[in-house]
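**Q** Make a model of this:
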Amino acid sequence: MEADTALKILVIVLSVVLSISLIISIIAGILLIKFVKMLRGIAEKGEQFVDSAEETVVTFRQNIGTAGLVRSLTQLVKFVNKVNKRR
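**A** Residues are numbered from 1 along each chain as shown. Okay, the predicted model is just below:
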C-alpha cells in the first residue's frame, strides 16, 4: 500500500509541476510575442527616420548645387559687366 500511495503523490506532484511550467511557458510566449512586435515598431520608426534623413540630404545637395550655380552665374555676370565697363 505504501508504494501505491507514493506513486499517487508522485503523480500529483508531477502534474502540478507540469501545469505550472505550462502556464509559465504560455506567459513567456505571450511576452516574447509582445516584445517582438515592439522591436518591429522600433525598427519601422528607425527606417522612417533614415529615409527622412536621406531625403533631407538629397534636398540639401540639390539646393547647394542650385545655390552654387546661381552664385557662379552671378559672378560671371559681374565679371562680364566689369569687362564691358572697361571698354
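
**Q** On the secondary structure side, give me the element for residue 51.
**A** In the assignment (DSSP states H and E), residue 51 maps to helix 2-86.

**Q** if I look at residue 21, how far off is residue 27?
**A** As for residue 21, its distance to residue 27 is 11 Å (criterion: Cβ to Cβ, to the nearest Å). Using the backbone N, CA and C atoms, a C-beta is placed for each residue, glycine as well.

**Q** What of residue 68?
**A** 61 Å.

**Q** Same question for residue 84.
**A** With Cβ to Cβ as the criterion, residue 84 and residue 27 are 85 Å apart.

**Q** Over to residue 2?
**A** 38 Å.

**Q** Give the residue from those two that has the larger number of neighbours.
**A** residue 27 (10 against 6; other Cβ atoms under 10 Å).

**Q** any idea which residue sits dead centre in this structure?
**A** residue 43 (2.1 Å; Cα atoms, centre = their mean).

**Q** And the pLDDT at that one?
**A** With respect to pLDDT, residue 43 scores 94.

**Q** distance of it from residue 31?
**A** Counting by Cβ to Cβ, the gap from residue 43 to residue 31 is 19 Å.

**Q** Same check on residue 2?
**A** Counting by Cβ to Cβ, the gap from residue 2 to residue 31 is 43 Å.

**Q** And for residue 22, the neighbour number?
**A** 10.

**Q** ok, now the one 10 residues further on?
**A** Taking other Cβ under 10 Å as the criterion, the count of residues near residue 32 is 10.

**Q** Next: residue 30.
**A** 10.

**Q** next one: the one 10 residues further on
**A** With neighbours defined by other Cβ under 10 Å, the count for residue 40 comes to 10.

**Q** And for the one 10 residues further on?
**A** Residue crowding around residue 50 was assessed by other Cβ under 10 Å; the count is 10.

**Q** cool, the one 5 residues further on as well?
**A** Counted with other Cβ under 10 Å, the burial measure for residue 55 works out to 10 neighbours.
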